[in-house]
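Undergrad: predicted model follows, preceded by the sequence.
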Amino acid sequence: MVVLSPQIGDRPGLCTVVALSLTKPKVIQKYHLEIFFDPELPYPYASPSKWLKGDMIYSVSFARLDLLFKGKDRNGKRIYDIRVLGDEVMRKVEACVLNGLGIED
C-alpha cells in the first residue's frame, strides 16, 4: 500500500492509505496505475510492477502497518525496505485516488 497522508494532529496514529496489488485489473480504469519499483520489493512482494487501486482507500492506524522486512544486518538488526515515491508518481497516485472517489482530476 501507499501511505497518502502524514500523521495529522487531530488523528494521532492514523494515516490514509491506498491499496497496491500484484494483480493487473481485468479492465484498466482511470483509478488504476501501474507502478514499477527498482529495485523490486522483497519477497513475497517481488514482481516487476504493482497496480495501484485508487478506488480502495483506507484510514488505518500506523500500528497496524508492517514495514517491508528484507533481512538482518551482520549484528542481527532488522533491515526494512522503505520507499518514497517521487513527485511525478505521487501526482499520478493522487489523480487515481480522485478518480476512484468519482472526482475528476
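TA: Right, received. Where do you want to start?
Undergrad: ok, and for stretch 12-20, which residues are buried?
TA: 15-20 (16 or more other C-beta atoms under 10 Å). Heads up, the C-betas are built off the backbone N, CA and C, glycines and all.
Undergrad: would you mark the buried spots in the least confident helix or strand in the chain by mean pLDDT?
TA: Least confident element among the helices and strands of the chain, by mean pLDDT, DSSP states H and E: strand 68-72 (a mean of 85). Neighbour counts over strand 68-72 (16+ other C-beta under 10 Å) mark no residue as buried.
Undergrad: please apply the same query to stretch 50-65.
TA: Buried residues in stretch 50-65, counted by 16+ other C-beta under 10 Å: 50-55, 57.
Undergrad: again, but for stretch 86-99
TA: 92-93, 95-97, 99.
Undergrad: can you give me the helices in this structure?
TA: Using DSSP state H, the helices of the chain run over residues 87-100.
Undergrad: in it, what spans have low per-residue confidence?
TA: 105 (pLDDT under 70).
Undergrad: quick one, strands of it?
TA: 2-3, 14-21, 32-36, 49-61, 68-72, 78-81 (DSSP state E).
Undergrad: how about the third one, which residues are buried there?
TA: Which is strand 32-36. For strand 32-36, the neighbour count (16+ other C-beta under 10 Å) marks 32-33 as buried.
Undergrad: contacts only, for Tyr80.
TA: 67-70 (C-beta atoms under 8 Å, 6 or more residues apart in numbering).
Undergrad: can we see that at 6 Å?
TA: For Tyr80, the contact set (C-beta atoms under 6 Å, 6 or more residues apart in numbering) comprises Leu67.
Undergrad: over to Val97?
TA: Val97 neighbours (C-beta under 6 Å, 6+ apart): 18, 54.
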